[in-house]
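Participant: Whatever this is, show me its structure:
(one chain, ligands or ions: 1)
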Amino acid sequence: MAGDDFVSKLNMSIGEEMQKYGFTQRFIDEMVVPVMRFNYGQGVEMNAFVGAISYAWTESGVWAVAGGNKLVCNGLLNAAKAQFIQGTVTSVQEKVHSTKSGNTVKMYEISYVTDTGPGLDLYDIVVIATPLNKKLSNIEFVGFDPPIETLPKPYQQMVTTFVHGRINASFFGCSAPCQFPLLDILTTKNPKFFIHSISAASPVNPVPESDASKAVGLRVWKIFSPEVLTDEQLHQLFESYYAVKVRSWLAYPRYSPPEKIPSIKLHRAIYYLNGIEWAASAMEMSAISAKNVALLSYHQWYGKDDHIDQQDLAERLKSEL
Ligand SMILES: Cc1cc2nc3c(=O)[nH]c(=O)nc-3n(C[C@H](O)[C@H](O)[C@H](O)COP(=O)(O)OP(=O)(O)OC[C@H]3O[C@@H](n4cnc5c(N)ncnc54)[C@H](O)[C@@H]3O)c2cc1C
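Facilitator: Sure, this is the predicted structure:
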């Protein structure tokens, strides 16, 4: 898929697209909506591209990183031998900088705050890798014309709740003893449902379950919900529970096609990765965006314009493979 196919998927909803291909409304409501709610906390009004990605997750064989996704970032940082400053960027401003040879060059001054206090550094190229939408990053772009502003479109709240407890199977219509193991429960769109999904969390490297846990049916459950769950709701979901961890996220764009993807290039040498999330928000998408920005900034920096937007590149890559 490329070009017009890609654009058309951003301009229509996954519901409309599936109807076009002949899927019934009932199939969409009962088989597709729950998957969209599970992955993105939204329904089939999302654009068809993110909808297709969301559905791909129903396939088995999606991978996970043993030890946590942060290990990928740690590994990349080590491999790049990058100097890493852990802090919060507060502002970006273009400055004219005098070189030792007496010339002047334009650079970007980045202000940030770390645990040890405020800092300031000059850079040739800036890559923004966090959403520039409201409440998400609070970076001020000072003195740019045209201005670089906070993006107006909202992100969707998603609350994750991890519970160590015994699920109340009868709440889900399965009276004890339940005939089949409850592992993943997805929900259709219904104002009565206060969760998007509940699923048994399975570690990448399975830890042997203690006999005591097995005997009483204790597991760690992961719940996605639009709001923080009340104690009363938790008591409906679980016969008993022992530990609860809650984390609220502004997780993904709130999709409403037709979708316009924010610009990748915000200024002469300021690039923006997270616009890709408006096509679909997923780790792989961020990785693709990062690779494209790395190539684009490199080619622009070295003036290799013939390497940018090569019309026949897709065809050439196909024949190379
Ligand atoms: C609950 C949940 C479940 C998900 N499940 C999946 C899944 O199963 N598979 C999948 O592919 N994707 C999943 N995603 C989506 C995935 O997490 C995102 O697509 C991915 O994290 C985007 O990566 P990113 O590096 O572009 O942005 P982020 O991961 O959002 O990273 C941005 C970073 O920038 C930092 N930051 C923000 N402001 C500043 C500042 N001013 N200065 C310095 N740093 C700043 C933030 O602290 C953050 O660390 C999930 C997301 C959520 C919330």
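
Participant: use CA for all of it now, contacts and neighbours both
Facilitator: Fine.

Participant: Now for Gln165, how many residues are close by?
Facilitator: For residue 165 the amino acid is Gly, not Gln. Gly165 has 21 neighbours, counted by other C-alpha atoms under 10 Å.

Participant: Surely it and Val220 touch.
Facilitator: Yes. Using C-alpha atoms under 8 Å, Gly165 makes contact with Val220 at a distance of 6.5 Å.

Participant: Could you list the low-pLDDT ranges of the stretch 151-300 of the chain?
Facilitator: Low-confidence segments of the stretch 151-300 of the chain (pLDDT under 70): 207, 209-216.

Participant: tell me which parts of it are close to the ligand?
Facilitator: 249, 251, 274, 281-284, 286 (C-alpha under 6 Å from any ligand atom).

Participant: how close does Leu183 get to the ligand?
Facilitator: 16 Å (C-alpha to the nearest ligand atom, to the nearest Å).

Participant: Next: Asn47.
Facilitator: Distance, Asn47 to the ligand, using C-alpha to the nearest ligand atom: 16 Å.

Participant: Next, that residue: phi, psi?
Facilitator: phi -70, psi 160 (degrees, to the nearest 10).

Participant: What is the neighbour count of it?
Facilitator: 27.

Participant: count of residues packed around the nearest residue to it once chain neighbours are set aside?
Facilitator: Of all residues not flanking Asn47 in the chain, Ser13 sits nearest, at 4.2 Å (C-alpha to C-alpha, 6 or more residues apart in numbering). As a burial measure, Ser13 scores 25 neighbours (other C-alpha under 10 Å).

Participant: Same check on Thr161?
Facilitator: Thr161, neighbours per other C-alpha under 10 Å, totals 19.

Participant: for it, what are its contacts?
Facilitator: Applying C-alpha atoms under 8 Å, 6 or more residues apart in numbering to Thr161 gives the contacts 221-224, 244-247.

Participant: That one sits in which helix or strand?
Facilitator: Element membership of Thr161 [criterion: DSSP states H and E] is strand 155-167.

Participant: All good on my end, thank you.
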